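Enquirer: got a sequence here, can you model it:
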Amino acid sequence: MCVAVQTQAMADITTTSTCEEGYTTESIVGDWNLVTDALGEDGPTPNDVLVADYASCFIPAFRVGANKEGFEDIGTVQIEASADLDDDDDISGVSFDIHVEGDLGDSVDDIVARAEDICHVHAALREELHADISVTDGAAL
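Expert: Residues are numbered from 1 along each chain as shown. Coordinates of the predicted model:
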């Protein structure tokens, strides 16, 4: 007698999202609760969260990129992110204005390229949604 045992690999990331009524969803992500609202009344919209997640992922990727380019401490990094929505309220474009306290000189493009390679959210988005990026270094933050 043969017995087939099917095993399912454990996922690296799991969430449980619940919407009891309306358009507000509570998600449990590890030990954290995240509330989103498609209407933006009880929390940020999913699009808002996506743009914030992208920026939140890009900042540490930018820091690592700067470190790999020889910068030990670049100070405060701030991203002013914006996104355009199409007629269906889908994100059609993302822009980052990055302000960096440190002076990066001619290394900015190399740091941005490294950050794009490192940022997990950047990698997960379709190419036309990759952020248009401008960097102001030596910023007083």
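Enquirer: please count neighbours and contacts with C-alpha atoms only from this point.
Expert: Will do.
Enquirer: quick check: mean pLDDT across the helix of greatest length in the chain?
Expert: Longest among the helix segments of the chain by residue count, using DSSP state H, is helix 46-68. The average pLDDT within helix 46-68 is 97.
Enquirer: what does it rub up against?
Expert: Applying Cα atoms under 8 Å, 6 or more residues apart in numbering, the contact partners of helix 46-68 are 36-38, 72-74, 77-79, 81-83, 90-91, 94, 96, 110-116, 118-122.
Enquirer: could you flag which of those residues are buried?
Expert: 36-38, 74, 77-79, 81-83, 91, 94, 96, 111-112, 114-116, 118-119, 121-122 (16 or more other Cα atoms under 10 Å).
Enquirer: in helices only, show me these.
Expert: Using DSSP H, the buried ones among the contacts of helix 46-68 in helices are 111-112, 114-116, 118, 121-122.
Enquirer: can you list the buried residues in the longest helix of the chain?
Expert: The neighbour-count check on helix 46-68 (16+ other Cα under 10 Å) flags 46-48, 51-52, 54-55, 57-59, 61-66 as buried.
Enquirer: equivalent analysis for stretch 127-138, please.
Expert: Across stretch 127-138, burial judged by 16+ other Cα under 10 Å covers 129-131, 135-137.
Enquirer: try stretch 96-105
Expert: Buried residues in stretch 96-105 (16+ other Cα under 10 Å): 96-102, 104.
Enquirer: next, the distance between the ends of that stretch.
Expert: 19 Å (Cα to Cα, to the nearest Å).
Enquirer: gap between that stretch and the chain center?
Expert: 18 Å (Cα atoms, centre = their mean, to the nearest Å).
Enquirer: quick one: average pLDDT of it?
Expert: Mean pLDDT, stretch 96-105: 96.
Enquirer: going forward, the N-terminal residue is numbered 20.
Expert: Happy to do that; since the first residue is 20 now, the last one works out to stretch 115-124.
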